[in-house]
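Asks: Got a predicted structure plus its sequence, pasted below:
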Amino acid sequence: MTSDADIAALSYEQARDELVRVVTELEQGGATLEQSIALWERGEALARRCEEWLIGAKERLDAARAAAEG
C-alpha cells in the first residue's frame with residue numbers, strides 16, 4: 001500500500017483500483033477497529049483523488065467543446 005503522501009501521484013486507475021481493494025478489505029470485516037478506521041481514512045483520500053481526476057477530465061472536455069464551438 002502506498003503512503004497517503006503518494007496518493008496525489010496516483011493515476012485515476014491506480015487510485016480507483018486501490019479504493020476497490022480498500023472497500024473489499026473493509027467489507028470482509030476482519031480488521032480491528034483501528035485498522036478499519038485507517039482503511040476508511042485511506043479510502044476517503046483515494047475517493048477524493050478519483051474525484052479530482054474526474055473533475056479535471058470534465059473541465060478538459062468542456063474546454064475542448066467550447067473551443068470547437070467558438
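Replies: Yes, it's here.

Asks: and the helix or strand in which Arg48 is found, how far from the chain's centre?
Replies: Here Arg48, judged by DSSP states H and E, is contained in helix 33-69. The chain centre lies 6 Å from the centre of helix 33-69; the measure is C-alpha atoms, centre = their mean, to the nearest Å.

Asks: for stretch 13-24, same thing?
Replies: That offset, for stretch 13-24, works out to 7 Å (C-alpha atoms, centre = their mean).

Asks: What of stretch 10-25?
Replies: The answer for stretch 10-25 is 6 Å, by C-alpha atoms, centre = their mean.

Asks: helix, strand or coil for the residue nearest to Arg42 when sequence neighbours are not counted?
Replies: Leaving aside its sequence neighbours, Arg42 sits nearest to Val22 (C-beta to C-beta, 6 or more residues apart in numbering; 5.7 Å). Just so you know, the C-beta spots here come from the backbone N, C-alpha and C atoms, and that holds for glycine as well. Per DSSP: H, G, I helix; E, B strand; the rest coil, the secondary structure class of Val22 is helix.

Asks: if I look at Glu25, how far off is Ala38?
Replies: 11 Å (C-beta to C-beta, to the nearest Å).

Asks: no, scratch that, I was asking about Ala63
Replies: 38 Å.

Asks: what does Ala31 give?
Replies: From Ala31 to Ala38 the distance is 8 Å (C-beta to C-beta).

Asks: go on, Arg65?
Replies: 41 Å.

Asks: ok, these two, which is more surrounded?
Replies: Shown here are Arg65 and Ala38; by other C-beta atoms under 10 Å, Ala38 has more neighbours (15 against 10).

Asks: got the contact list for that one?
Replies: Ala38 makes no contacts at all, as judged by C-beta atoms under 8 Å, 6 or more residues apart in numbering.

Asks: Alright, I will stop here.
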